[in-house]
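sequence and predicted structure are below.
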There are 2 protein chains.
Amino acid sequence: MINPRLDDLHRRIPGLRLETAPAELEYYGRDWTRRWTPAPLAIALPANAGEAQAVVRWAGAHQVAIVPSGGRTGLSGGAVAANGELVLSLSRMNRVLGFDPVDRTLTVEPGITLQAVHEAAAEHGLAYPVDFAARGSCSIGGNIATNAGGIRVLRYGNTREWVTGLKLVAGSGELLDLGRGLVKNSSGYDLRHLAIGSEGTLGVVVEATLKLADPPPPTQVMLLALPSFDVLMQVFAQLRDRLRLEAFEFFTDRALHHVLAHGGQAPFDQVHPYYVVAELAMEGEGDEAAMLAAFEHCMGQGWVSDGVIAQGEAQAAQLWRLREGITESLARHVPYKNDVSVRVSAMPAFLAEAQALLAQGYPQFDVVWFGHIGDGNLHINVLRPDGMDDAQFVAQCEQVTRILAQTLQRHGGSISAEHGIGLVKKAYLPSTRSAAEIEVMRGIRRVLDPYGIMNPGKLFDP
Amino acid sequence: MINPRLDDLHRRIPGLRLETAPAELEYYGRDWTRRWTPAPLAIALPANAGEAQAVVRWAGAHQVAIVPSGGRTGLSGGAVAANGELVLSLSRMNRVLGFDPVDRTLTVEPGITLQAVHEAAAEHGLAYPVDFAARGSCSIGGNIATNAGGIRVLRYGNTREWVTGLKLVAGSGELLDLGRGLVKNSSGYDLRHLAIGSEGTLGVVVEATLKLADPPPPTQVMLLALPSFDVLMQVFAQLRDRLRLEAFEFFTDRALHHVLAHGGQAPFDQVHPYYVVAELAMEGEGDEAAMLAAFEHCMGQGWVSDGVIAQGEAQAAQLWRLREGITESLARHVPYKNDVSVRVSAMPAFLAEAQALLAQGYPQFDVVWFGHIGDGNLHINVLRPDGMDDAQFVAQCEQVTRILAQTLQRHGGSISAEHGIGLVKKAYLPSTRSAAEIEVMRGIRRVLDPYGIMNPGKLFDP
């Protein structure tokens, strides 16, 4: 080591695994965004909470910026280290620490993947119901840092609802044991909920206790083809009011086009402008009949042009892949991503404006829409044309995003539904949060991170 | 007016209703605790959010302490004004402002009673599922300030889960529009959750948007008599795993004794040490049979000595009154209340210690236990013997509470499950929250309430 600060880190934590090779800096210094050049100081990979805390204390003493790092599947640059930060990777802290059958809780280290949590819950005949396509790579710590949503929010809520305990090493170096798995605890401010969704700017999660749910009910998965966006909300209302929706996901023909080009299997002979994957709980005797009746009603109204109900698990998985494969199928086009939300009731009015805006703003680009209609959450991916310079492409996209943010503001929406603000959406935070709110957030950040070392530059500037 | 500060308040808000008559000061200056002598400066009763905000700004300018005030059914002294504070009563702000059928939300003013919210939800064929005995008097603003729990937490969670939007006038005088009814919003710290449960120390709630649930399923209500506390957890586990529990409430023979003395109807010929009111969802065809099988299993194991299943709604209501009448039946004894929680799994070990402690600590007192076993929440009421001086009684109780708090701390529990800390439990906050956490809370309070005017002296000292 030639860096005296890193020498001191070695002295303080003799067993700490520390990486400084260029390939490691490159690998750990970025997330799924590709807009910044990784340039971390080094990568620290603590083996336990004690080592993680010692790293934060060292960083405070030396004024070194820390970027907490999980599976780095983030889409907002929250885990990017492009300015000489120390990456604090939790990837070695990936164990299940305990299961309690009475409390129905699973206690885990933050580096565990979402899929490993699903599997650990299933081993005990229970379920962790937060789910999305990056399950195999993303970490629970990262899920907590962004309050991850996904495809089951409609029925089970966001990550926030499932975290009953959180150990956080604050930027101050203090280890805070928050919530502690209690169902009821009205004794002062809920700092656990403050930490959830704070994108590593208040501290780093070193342990989480997750509430588990009953195993999911048997379900039916259907794919519907829709003639227009206008009927989408009506189909949603029908299914929500008449059936028990486990998921309701939509995507456009452009999205399907890319999935099929990536190896997916065409579900219908004809092309339709919009598609919905709906998953329905089948618990009672009348559920199957109710589903068919709702399906026929939608067909009769002309809301649904075609549809297929999965016969068996293999076909259900196949239908789901058409939705879940979208992000991966778009990756090679390095899309500019918008992840916006409004109240469900505000969706039609917002959409009319947004569609007109984007058609006008991006006449030359391929724009792919998909998302979680039941949560008021739309993903709008703008694909970079082959051969176009990235900086130029992003600059053009940002011009439209500025207007989109104003549209969102008028409709009471958010510029980040579930990806977080990170670096990517920082300029637009004032469209979602008022100046007074941002001032309060600044003050709170100073309380928990007095040295300004926790993920500086992300979310908002000090 | 002879008080120049109140003169200025009149000048600033000409239409503001302000009460200063002794009877009003007495009435608005206290909550359901009876330990402090009300001594407010005056009572302000704003008609809308604008007036409430102007009152807070006036208070900041004059350094007048504010006590936000709802239905004043609190049991921790959170709404007591005993030191010349201005009581900011939200009781005139009690309207439903809006209902959205697509979002399934109800927007209300903070002074509306819980029962009025239930009724408004039912008018639209939906339900607001937070519920407890004070429903007719308590206000939503107070429910939010304490993150109120109650008898349906087991199935529906605490108040926190049902608030999707919150307008808060912070101590700074800023109006913060938090959450705004969005299902998904990952754009910075969730200040809404920070405000929920903050007991009026960060600001005053002037509007809330509540999420509504599907109407409750048909249910069966049963009352079970149990031979000992040890079997209670086993009965709970049986019913939870085999049936769909909507509520599971326990109380002791001493509790029943007081309810019966207050006019309740004896459910069984014999006296039993423990009782449970369980409410079970009856949605599917097999549910009735499953309930009877679980009931018989518990009888067969000797866990249940006697039981009755309500025949019709009138009897169900009668059985519920045995549980819900407890607090009212004890009121004339001015009980010293403990409202503690542990993880459900920690309940048996904690209980064994707590029972021994209380038997030893209160040999001369009537101690009444009841609560929400499925949430790990116990209410322990110590009754003041007739003729005993209140100060002496409280002093004796506090000696035991000190030890109880240590016991709770060892078991990772909380000194306040759902009543809040207020004045009553302030001395014991450090048993539930670490010194570092309290320091963080102090810092956050300074950020939102820079003049130190919001409910000072409650929760913790500056």
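Sure, I can see it.

so who does A:R433 touch?
The neighbours of A:R433, taking Cβ atoms under 8 Å, 6 or more residues apart in numbering or on different chains as the test, are A:441, B:187-188. Backbone N, C-alpha and C define where each C-beta goes, glycine included.

rerun that using 6 Å as the cut-off
B:G188 (Cβ atoms under 6 Å, 6 or more residues apart in numbering or on different chains).

ok, A:G452 - contacts?
Here A:G452 is in contact with A:P462 (criterion: Cβ under 6 Å, 6+ apart).

which residues touch the closest residue to chain B within the stretch 251-400 of chain A?
Sorted by distance to chain B under Cβ to the nearest Cβ, the residues of the stretch 251-400 of chain A start with A:S345, at 3.9 Å. Listed by Cβ under 6 Å, 6+ apart, the contact partners of A:S345 are B:100, B:102-103.

ok, and which of these reach chain A?
B:100, B:102-103 (Cβ under 6 Å from any Cβ of the partner chain).

tell me which residues of stretch A:116-130 are tucked away?
Within stretch A:116-130, the residues that count as buried by 16 or more other Cβ atoms under 10 Å in any protein chain shown are A:116-118, A:120-121, A:126-130.

quick one: is it near chain B?
No - figure legend: stretch A:116-130 not in contact with chain B (Cβ under 6 Å from any Cβ); closest approach 9.9 Å.

which of the contacts of A:S345 has the most neighbours?
Using other Cβ atoms under 10 Å in any protein chain shown as the neighbour test, the contacts of A:S345 are led by B:D103, with 23 neighbours.

hang on, that one in a helix?
No - secondary structure of B:D103 (DSSP: H, G, I helix; E, B strand; the rest coil): coil, not part of a helix.

what's the longest helix in chain A?
Counting residues, the longest helix found in chain A (DSSP state H) is helix A:390-410.

what is it packed up against?
helix A:347-361, helix A:429-432 (3 or more Cβ pairs under 6 Å, 6 or more residues apart in numbering or on different chains; DSSP states H and E).

what angle sits between the first one and helix A:390-410?
Our comparison of helix A:347-361 with helix A:390-410, counting by axes from the mean of the first three to the mean of the last three Cα atoms, to 10 degrees, yields an angle of 150 degrees.

only alpha carbons, please: show helix A:347-361 as CSV.
C-alpha atoms of helix A:347-361 as CSV (Å, rounded to 0.1, in the frame of the first residue of the first chain):
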residue,chain,number,x,y,z
MET,A,347,-52.9,8.0,-14.6
PRO,A,348,-55.3,8.6,-17.6
ALA,A,349,-54.8,12.4,-17.5
PHE,A,350,-51.1,12.1,-17.0
LEU,A,351,-50.7,9.5,-19.7
ALA,A,352,-52.5,11.6,-22.3
GLU,A,353,-50.1,14.4,-21.7
ALA,A,354,-47.0,12.2,-21.4
GLN,A,355,-47.7,10.3,-24.6
ALA,A,356,-48.1,13.5,-26.6
LEU,A,357,-45.0,15.0,-25.0
LEU,A,358,-42.9,11.9,-25.8
ALA,A,359,-44.2,11.5,-29.3
GLN,A,360,-43.2,15.1,-29.9
GLY,A,361,-40.0,15.0,-27.9
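
now for that helix, which elements pack on it?
Checking 3+ Cβ pairs under 6 Å, 6+ apart, helix A:347-361 ends up next to helix A:390-410.

could you rerun that using 10 Å?
helix A:230-242, strand A:336-341, strand A:366-372, strand A:377-383, helix A:390-410 (3 or more Cβ pairs under 10 Å, 6 or more residues apart in numbering or on different chains; DSSP states H and E).

quick check: which of those is buried the most?
Sort the helices and strands packed on helix A:347-361 by mean neighbour count, taking mean count of other Cβ atoms under 10 Å in any protein chain shown, and strand A:336-341 sits at the top with a mean of 26.

give me the mean pLDDT for that strand.
What strand A:336-341 shows for mean pLDDT is 95.

before we move on, what about stretch A:9-17?
Rounded mean pLDDT across stretch A:9-17 is 96.

give me the contact list for that stretch.
Residues external to stretch A:9-17 that are found in contact with it (Cβ atoms under 10 Å, 6 or more residues apart in numbering or on different chains): A:1, A:3, A:18, A:41-48, A:50-55, A:57-59, A:61-62, A:64, A:86, A:89, A:92.

show me which of these are buried.
A:18, A:41-46, A:51-55, A:57-59, A:64, A:86, A:89.

narrow these to those in helices?
Within the buried ones among the contacts of stretch A:9-17, residues falling in helices by DSSP H are A:51-55, A:57-59.

hang on, the earlier thing: now the helices and strands packed on helix A:347-361 in TSV, with distance to A:L154?
Formatted as TSV, the helices and strands packed on helix A:347-361 follow (distance: least, Cβ to Cβ, whole Å):
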stretch	distance to A:L154
helix A:230-242	8
strand A:336-341	13
strand A:366-372	7
strand A:377-383	10
helix A:390-410	21
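
quick check: A:A427 touching A:A405?
Yes - A:A427 lies in contact with A:A405 (Cβ atoms under 10 Å); the separation is 8.5 Å.

need the overlap of contacts for those two.
Common contact partners of A:A427 and A:A405 (Cβ under 10 Å, 6+ apart): A:I415.

so where's chain A uncertain?
Residue ranges of chain A with pLDDT under 70: A:1-2.

let's see stretch A:79-86 as PDB, backbone CA atoms only.
Provided in PDB are the C-alpha atoms of stretch A:79-86 (Å, rounded to 0.1, in the frame of the first residue of the first chain):
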ATOM      1  CA  ALA A  79     -23.900   2.700  -6.300                       C
ATOM      2  CA  VAL A  80     -21.600   4.400  -8.700                       C
ATOM      3  CA  ALA A  81     -18.100   5.300  -7.300                       C
ATOM      4  CA  ALA A  82     -16.600   7.800  -9.800                       C
ATOM      5  CA  ASN A  83     -14.800  10.200  -7.500                       C
ATOM      6  CA  GLY A  84     -12.200   8.300  -5.400                       C
ATOM      7  CA  GLU A  85     -14.700   6.900  -3.000                       C
ATOM      8  CA  LEU A  86     -14.200   3.800  -0.900                       C
END
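
cheers, nothing more for now.
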